[in-house]
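>>> any chance you can model this:
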Amino acid sequence: MELNGVFLVLQAAVTEFTSKPSNPFFVLEGRDISLVWSYTLDGTIGSAEFFNVTGGGNDNIGKRFSPGSITPRPNYQARFRAEVSNTQAQLRILKVQISDQGKYELDIAATGVGGLTHVVEVIVQCKYLQATRKVVSIPRKFFITILHCEGLLSGPPCTSKSCKS
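Below is the predicted model:
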């Protein structure tokens with residue numbers, strides 16, 4: 001484009017992520033987490049939507065058609081918070097529970113060209129009691145291990161067999 005002998009180069013913003021949450025995202029049961037995505041958009045937020053896509057599902061957490069706070073759907077309102085701007089999206093889960101373990105998706109549509117989608121897996125590590133081992137010897141060289149519980153530590157990812165709430 002030429003304007004009075006000066007050439008102007010017009011460049012559209014590229015719709016792309018500039019940072020994403022670590023994946024998988026590990027969290028200790030009972031803690032608050034923030035999943036934060038940063039991006040550039042061609043235009044502004046056309047829509048932003050968060051989903052729980054655990055197990056192949058597509059459960060809508062909340063949606064917004066402009067920058068601001070997203071009101072979560074009723075089954076997520078107690079502990080989920082979400083916000084979007086033209087440069088960043090954030091999904092917060094308060095007091096993470098074992099049932100929150102799964103995959104969460106962010107979908108962004110720009111008013112210009114392009115859209116963004118990213119899935120992050122949240123792995124909840126359960127609290128468990130520290131165990132100390134005491135070996136007791138009995139006749140015929142058999143050994144019994146006795147576990148004694150003392151305090152709370154972070155542990156392995158929770159499964160239905162390993163974590164008891």
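>>> ok, Glu49 to Arg31 distance?
Glu49 is 25 Å from Arg31, where distance means CB to CB, to the nearest Å. Bear in mind the C-beta positions are built from the backbone N, C-alpha and C, glycine included.
>>> out of the two, which sits in the busier spot?
Using other CB atoms under 10 Å, the more surrounded residue of Glu49 and Arg31 is Glu49, with 20 against 14.
>>> so the more buried one lies in a strand, does it not?
Yes: per DSSP: H, G, I helix; E, B strand; the rest coil, Glu49 lies within a strand segment.
>>> any low-confidence regions in the chain?
Residues of the chain meeting the criterion pLDDT under 70: 1-12, 128-165.
>>> domain parsing for it?
The record's domain parsing of the chain by automatic domain parsing lists 12-125, 127-157.
>>> just those domains: most buried one?
Across those, averaging neighbours per residue (mean count of other CB atoms under 10 Å) puts domain 12-125 on top, at a mean of 16.
>>> sheet-wise, list the partners of the helix or strand containing Leu91 with their directions.
Using DSSP states H and E, Leu91 maps to strand 88-93. Strands that pair with strand 88-93, judged by DSSP bridges, come out as strand 33-40 (antiparallel), strand 80-84 (antiparallel).
>>> which one of the ones you listed lies closest to Ala110?
Closest approach to Ala110 among the strands paired with strand 88-93 (CB to CB): strand 33-40, 9.0 Å.
>>> what does the closest one contact?
13-21, 25, 27, 87-93, 96, 104, 106, 108, 116, 118, 120, 122 (CB atoms under 8 Å, 6 or more residues apart in numbering).
>>> so what secondary structure elements neighbour the next helix or strand after the strand holding Leu91?
Per DSSP H and E, the first helix or strand lying C-terminal to strand 88-93 is strand 102-110. Packing contacts for strand 102-110, counted by 3 or more CB pairs under 8 Å, 6 or more residues apart in numbering; DSSP states H and E, involve strand 33-40, strand 45-52, strand 88-93, strand 115-138.
>>> now the angle from strand 102-110 to strand 88-93?
150 degrees (axes from the mean of the first three to the mean of the last three CA atoms, to 10 degrees).
>>> what's the angle from strand 102-110 to strand 45-52?
170 degrees.
>>> in its sheet, which strands sit next to strand 102-110, and in what direction?
Strand pairing for strand 102-110, using DSSP bridges, gives strand 45-52 (antiparallel), strand 115-138 (antiparallel).
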